[in-house]
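Colleague: okay, here's the prediction I keep looking at, along with the sequence it came from:
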Amino acid sequence: MSATFGTLSAFDAKEQTWEEYCEILDQFFEANDVDDSAKQRAILISVVGPATYKLMRNLVSPDKPSSKTYSQLVTRLKEHFNPKPSEIVQRYKFDSRSRKPAESVSAYVAELRRLAQDCNFGATLERRLRDRLVCGIADDRIQRRLLSESDLTFEKAFQMAVADEAANRNVSDLQQSAACHSMVAERKEKRADWENRENRDLVLACDASPYGVGAVLSHVMEDGSLSPAELLMSRRLRSTLDLLLPDIKAKVRKKQEKQKEYHDNHSKWRSFSPGDEVYVRNYSHGPKWVPAIILGGTGPVSYTVKMGDGRVMRRHVDQIKKRHVMQRDMDWAEARDAPQFPDDVVTFGPVDSVAPSSGGKAFVESAAEAAQGHVPEGDVTDVDIEQRTDPTPPVLRRSERQRKAPPYLSDFLCK
């Protein structure tokens, strides 16, 4: 009995195509000198597997597979597993196939050959493969070199593309190796520098607080650089001693800086000049805001003002609002006859330099407007009203409703 070369497994449509399985069968028959068609049919039926044999019976029904020849069985199964595709669709797939980013040139050419099997290119197959390789290579350097060739064939284009791909891969490997060597050298240099730092002596640094002397070990560098812990964390680390003896001055200073920053971002600088007509806050009887004229400054944020009735007072900038006045006939003589400052009032400029934009008439009109209960909101404008030389204070009114005791006090005697 002669030895048998090779083994045959059952057909699995998920792992291989029917054409590939038939090619394996042909090689097995050739290796074992199986030329008899009946014997080839018997081997096919015995090794094809139960699922494929059941399909084979259905395809040749009502006949039995044993009544057909080997070629007939192979043809029936080929028509079932691999029906002939549309030539137009296969050519579209071939022409639209491009090389993927991680795909090698050899794998791309093999895929092109597989797609060209059902395209029926005939004698133009080599030219179509060359054109698709050049157009779908997806690499500018390789494509530029291929297009520079005058008499380019498919075999020549394939060899040039494979050579350029290998050269690019080698260059990338060399650059990665050089970068790796540079990184290793940099790490060695850093380690050597760190070892030199570690060889320095540790110095005992003590704080001289009035609450006692606390000692903290810190790596003090001779060149005045930061300690290793500060270099690692990018800040000074807090120790137990910081909790026992906190720096109150630093905390207060930090809070004050934050308050100042917030105030500067939201504050609005206000200033007045002598002679400006304004409204000032009134804390006596009458309206809350009354007209006045700026006489001078008594400090960075305080001014001396002259009221409509001739009183001179000092007010903060928060108690002063700008007042826009329409142009009227100015009585400069009356403005120059304004009373002098009291002895206890400090001014930043001479009183004679005050030049109000309106005279006594404007004061009387502003006083009359204020007597009517007008409270300015921000910057306002005076209007011409009837002169009132002796404004009378408003009369206080009392409620006239009857007061009744609450119901829960009905059982008590209320006086």
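Modeller: Done, it's in.
Colleague: for His285, helix, strand, or coil?
Modeller: Using DSSP: H, G, I helix; E, B strand; the rest coil, the structure places His285 in coil.
Colleague: near it, how many other residues are there?
Modeller: Other residues near His285 come to 8 when the count uses other Cβ atoms under 10 Å. Every C-beta, even on glycine, is put in place using the N, C-alpha and C of the backbone.
Colleague: and what of Val317?
Modeller: Residues within reach of Val317, counting by other Cβ under 10 Å, total 16.
Colleague: give me the local confidence score for it.
Modeller: Note on Val317: pLDDT of 91.
Colleague: surely it is in contact with Ser302?
Modeller: Yes - in terms of Cβ atoms under 8 Å, Val317 counts as a neighbour of Ser302; the distance is 7.2 Å.
Colleague: what about the longest helix in this structure?
Modeller: Secondary structure assigned by DSSP state H gives helix 154-198 as the longest helix of the chain.
Colleague: which elements pack onto that helix?
Modeller: Applying 3 or more Cβ pairs under 8 Å, 6 or more residues apart in numbering; DSSP states H and E, one finds that helix 154-198 contacts helix 105-115, helix 125-135, helix 140-147.
Colleague: now do the contacts for the nearest residue to Leu115 once chain neighbours are set aside.
Modeller: The shortest distance from Leu115 to any non-neighbouring residue, by Cβ to Cβ, 6 or more residues apart in numbering, is to Phe94 (4.5 Å). Residues in contact with Phe94 (Cβ atoms under 8 Å, 6 or more residues apart in numbering) are Leu112, Leu115, Ala116, Cys119, Arg128, Arg132.
Colleague: rerun that using 6 Å as the cut-off
Modeller: Leu115, Ala116, Cys119 (Cβ atoms under 6 Å, 6 or more residues apart in numbering).
Colleague: quick check, nearest of the residues you listed to Phe272?
Modeller: Nearest to Phe272 out of the contacts of Phe94 is Leu115 (Cβ to Cβ; 89.2 Å).
Colleague: and the helices in this protein?
Modeller: Assigned by DSSP H, the chain shows helices spanning 18-31, 37-47, 50-60, 70-81, 87-95, 105-115, 125-135, 140-147, 154-198, 228-233, 240-244, 248-266, 332-336, 360-371.
Colleague: can you give me phi and psi for Ser148?
Modeller: Note on Ser148: backbone dihedrals following degrees, to the nearest 10 are phi -80, psi -10.
Colleague: go through the chain and flag its longest strand.
Modeller: strand 289-297 (DSSP state E).
Colleague: that one - what's its average pLDDT?
Modeller: Averaging pLDDT along strand 289-297 gives 94.
Colleague: that strand: how far from the chain's middle?
Modeller: Computed by Cα atoms, centre = their mean, to the nearest Å, the chain-centroid distance of strand 289-297 equals 53 Å.
Colleague: could you do stretch 227-243 as well?
Modeller: Put simply, stretch 227-243 sits 31 Å off its chain's centre (Cα atoms, centre = their mean).
Colleague: show the average pLDDT along it.
Modeller: Taken as a whole, stretch 227-243 has a mean pLDDT of 77.
Colleague: just the endpoints, please. Distance across it?
Modeller: 21 Å (Cα to Cα, to the nearest Å).
Colleague: just give me the closest of the contacts of Phe94 to Gln159.
Modeller: Ranked by distance to Gln159 (Cβ to Cβ), the contacts of Phe94 are led by Ala116 at 19.2 Å.
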